[in-house]
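> Please find the sequence and the predicted model below.
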Protein chains: 2
Amino acid sequence: MPTTSPPISPAMLALGRQARTAARTLARLPGAARAAALAGMPAALDAVKAELFAANAADVAAARAAGLAEPLLKRLLVTEKVFQYLRDRLAEAAALPDPVGRVLEGHVQPTGLRVERVSVPIGVIGIIFESRPNVTTDAAAVCLKAGNAVILRGGSEALRTNQVLAAAMTAAATAAGLPEHAIQLVTEPGHESVRDLLRLDGYIDLLIPRGGKGLIRAVAEGTRIPTLKHYEGICHLYLAADAPAEMAVALSVNSKCERVEVCNALEKLLVDAESAARLLPVLAAAFRERGVELRGCPRCQALCPGAFVPAAESDWTEEYLAPILAVRVVDGVDAAIDHINTHGSGHTDGMVTQRLDWAERFVQGVDSASVMVNASTRLSGGGDYGLGAVVGISTDRLHARGPVGPEALTTYKWVARGDGHLRR
Amino acid sequence: MPTTSPPISPAMLALGRQARTAARTLARLPGAARAAALAGMPAALDAVKAELFAANAADVAAARAAGLAEPLLKRLLVTEKVFQYLRDRLAEAAALPDPVGRVLEGHVQPTGLRVERVSVPIGVIGIIFESRPNVTTDAAAVCLKAGNAVILRGGSEALRTNQVLAAAMTAAATAAGLPEHAIQLVTEPGHESVRDLLRLDGYIDLLIPRGGKGLIRAVAEGTRIPTLKHYEGICHLYLAADAPAEMAVALSVNSKCERVEVCNALEKLLVDAESAARLLPVLAAAFRERGVELRGCPRCQALCPGAFVPAAESDWTEEYLAPILAVRVVDGVDAAIDHINTHGSGHTDGMVTQRLDWAERFVQGVDSASVMVNASTRLSGGGDYGLGAVVGISTDRLHARGPVGPEALTTYKWVARGDGHLRR
């Protein structure tokens, strides 16, 4: 830190201190209290529904007047459908099993010392995110489910909306006996409050930035607090020599086209040299029909003249988040694994095959958070993995990898119980 | 990073690249190969025993000539006893269960998608440590057991010793079919090689500094690579109102005196107000007999005049690593928990009681890596927890907390197997 940094604002310090105190209280409350708090939140949202829509309308109007781009305005908007989604996710989180207090391992030492490793909350989690209001409720729900106090710092353009959401969630939390500061929202606009959050080392145990790459990088590089990041989803699908055409096309199309702007959408298709002549024409037709631009390696171009724009080297590492797909012919499963480990982002990578030995080789060799066999890359996520609400998908390797649900927001402590056991 | 940093040296870059390649190979080898490599290491050490002792003698002579202090010379010395210890720990690691490939959770989604979370190696681990040669073998063994490639950077005063150890371990590893660069030792002396290690973001997945606080801080603050740290052990023992005198004294004395300079040695004793009059005189006598200086709060001094030096505020947060103990009278289990959570370092804290409700309250409330009930704080560690070799004891909250054995040096991947499963 440069020595010229101004001191942390008293308001932010207070937020940190209150969060730590709330976390200590939360750690000692039973899971039933946390479940009751979450279960009360949908009704608490219902009670402020009119207020919420008014606040959101004011946010949207102010953002439009300030010239916010249309796609961003759309993300900010709380429609009736979004409202139901927020409610449903809170109810879902309430019903999930308690991730705290699981005995992760346990045994009795030959001396009679009973040793257990038990899951406990991490403590205080800070979430820094952009304007989607669903992050406000999702993140608070997942953090609270795992017994953590949470400090939310949403985009300033959603401040009115987030204030109503946070107040409603806090009302439900305190009604269930949870501490007042279990959920706190940073209401100071401006970047000073983000800068201060990054410096609350003593009070925040984990920071999760959610948003564009710029935000994530700024948080990760600007703090000593551990962070859980989600950088890029450069997802691959490898069609093996034996890949059945119908499944290969269906999975390629679903992985790419079901939604193009999300992190687990397909960006690169690897086609085995043994299946390329058979599969590339049908793939090219299927993608052409859906308006997807195909960028191909020289072997693709030779096999399907006219179907591919030539791929540049940068095409193997670019996250398009758009109807563009890079396609490469590779020689066998090991070449596919090497390509993925070299050019991928370790998010989600899949394979289509019916051969068990190849599938096992791929699963072992690909170094990614999620490895899919005969399944769409779009299925890597909290919902489709059965985890319920998540705060994001981690591309970090440590602590949590892949979808970050309530279990990933716990840590553990060792408990050793003896009867006067000494070290000899 | 300041823009004035010189480029990373080609030798260090090569080390990083080789480690990454070795890690990829290791991730695909069966556990039996890693176990065989470790099992071969004691014999590999035997084969270079004379060479090792000669190298170590040269290191010790050079260090003595350079004026290294006697306790540091002692740590550097490989005696026959140390040699046997190195051998035994390697054999022990070989025999531990494989931490890789455990199915941590698994279920079939209603759609038929089979979802598993499977433990995998972290990848490349860098260990930066001071002169104890046992760290060289322990760290390499734990990293390799978990399928990781390791880069070791020991103190330059132990370089000759470490070179013989690393070469012997590598000979055993390659004989068992492991890649040549699974274990690499940084042989460039000087701080440039450490500085370069801290910048190998793309090649090192985890850094573990082992040594004094200065080293740990320099590593943690000088890198973007995730670190696993072991800062301080400010360990407490709380003697409850009902603590039986005999057990209270035995556990206090063992926790403090069995070895004073280690991280899980007792530094602070909390005595309940209800038991203070009964316990303080016997405790004072026991510690006086062992030459331990007692620093007490005003209530201690009032109850046992003459037995205590007055404790300053700093005594509650200082790690002595010496025959000194700070003692405080506290009012009840909640006050003990608050004191520990406020002043402790989250390493190891214990309690003596026969009351179940108090014990449970303490276990839940104390926010430390290890919580002991009726057991010496000295028992928190890899050996006494039955984990075998460890690379240290983490006081971090994330990824690994407490003793860091082979399981803690794994991460996981999600594997989803379908039969053409699409996202709908």
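All right, it came through fine.
> And the helix or strand encompassing A:L45, what's buried?
Using DSSP states H and E, the element containing A:L45 is helix A:31-47. Residues of helix A:31-47 classed as buried: A:R34, A:A35, A:A36, A:A37, A:L38, A:A39, A:G40, A:M41, A:P42, A:A44, A:L45 (neighbour count, 16 or more other Cβ atoms under 10 Å in any protein chain shown). Any C-beta I mention is one placed from the backbone N, CA and C, and that applies to glycine too.
> following it, which helix or strand comes up?
As assigned by DSSP H and E, the chain's next helix or strand after helix A:31-47 is helix A:49-65.
> In that next one, which residues are buried?
Of the residues in helix A:49-65, A:L52, A:F53, A:A55, A:N56, A:D59, A:V60, A:A63 count as buried by neighbour count, 16+ other Cβ under 10 Å.
> Save those residues as a markdown table, and put in distance to B:H230 and pLDDT too.
Formatted as a markdown table, the buried residues of helix A:49-65 follow (distance: Cβ to Cβ, whole Å; pLDDT from 0 to 100):
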| residue | distance to B:H230 | pLDDT |
| --- | --- | --- |
| A:L52 | 47 | 98 |
| A:F53 | 52 | 98 |
| A:A55 | 47 | 98 |
| A:N56 | 48 | 97 |
| A:D59 | 46 | 96 |
| A:V60 | 50 | 96 |
| A:A63 | 47 | 95 |
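> returning to what we had before: just the buried residues of helix A:31-47 now: which is nearest B:E180?
Comparing these against B:E180 with Cβ to Cβ picks out A:R34 as the nearest, at 51.1 Å.
> Touching, that closest one and A:R28? I think so.
No. Counting by Cβ atoms under 8 Å, A:R34 stays clear of A:R28, with 11.6 Å between them.
> In contact with the residue nearest to A:C297 when sequence neighbours are not counted, which residues?
Excluding the flanking residues, the one nearest A:C297 by Cβ to Cβ, 6 or more residues apart in numbering or on different chains is A:R328, at 4.5 Å. For A:R328, the contacting residues are A:K268, A:L269, A:L270, A:V271, A:G296, A:C297, A:R299, A:C300, A:A311, A:W316, A:H339, by Cβ atoms under 8 Å, 6 or more residues apart in numbering or on different chains.
> in a helix, that's where A:R328 is, yeah?
No. Assessed with DSSP: H, G, I helix; E, B strand; the rest coil, A:R328 is strand; it does not lie in a helix.
> And it, how far from A:H347?
Applying Cβ to Cβ, to the nearest Å, the value for A:R328 to A:H347 is 18 Å.
> cool, A:V363 as well?
A:V363 is 16 Å from A:H347, by Cβ to Cβ.
> Comparing the two, which shows the higher neighbour count?
Per other Cβ atoms under 10 Å in any protein chain shown, whichever of A:V363 and A:H347 has more neighbours is A:H347, with 26 against 19.
> Torsion angles phi and psi at that one?
Here is the backbone geometry of A:H347 (degrees, to the nearest 10): phi -90, psi -80.
> So A:D349, which state does it fall into?
strand.
> Kindly report the same for the one 10 residues further on.
Counting by three-state DSSP, the backbone at A:A359 sits in helix.
> what do you get for A:R117?
Applying three-state DSSP: A:R117 is strand.
> about what we covered before: among the contacts of A:R328, which are in helices?
Of the positions in the contacts of A:R328, A:R299, A:C300, A:H339 sit in helices, assigned by DSSP state H.
> Show me what the residue nearest to A:C297 is bridged to.
Counting by DSSP bridges, A:R328 is bridged to A:L270.
> residue ranges with poor pLDDT in chain A?
Chain A contains residues with pLDDT under 70 at A:1-4.
> Relative to A:E261, how far out is the residue lying closest to A:P323 once chain neighbours are set aside?
Excluding its sequence neighbours, the residue lying closest to A:P323 (Cβ to Cβ, 6+ apart) is A:V292, at 4.6 Å. Remark: distance between A:V292 and A:E261 (Cβ to Cβ) = 13 Å.
> who has more neighbours, these two?
Counted by other Cβ under 10 Å, A:V292 and A:E261 do not tie: A:V292 has more neighbours, with 21 against 10.
> and that one, what is it in contact with?
Applying Cβ under 8 Å, 6+ apart, the residues near A:V292 are A:K256, A:C257, A:P323, A:I324, A:L325.
> residues touching the nearest residue to A:A175 once chain neighbours are set aside, list them.
In space, and not counting its chain neighbours, A:A175 is closest to A:G40: 5.8 Å by Cβ to Cβ, 6+ apart. Residues in contact with A:G40, defined by Cβ under 8 Å, 6+ apart, are A:A172, A:A173, A:A175, A:A176.
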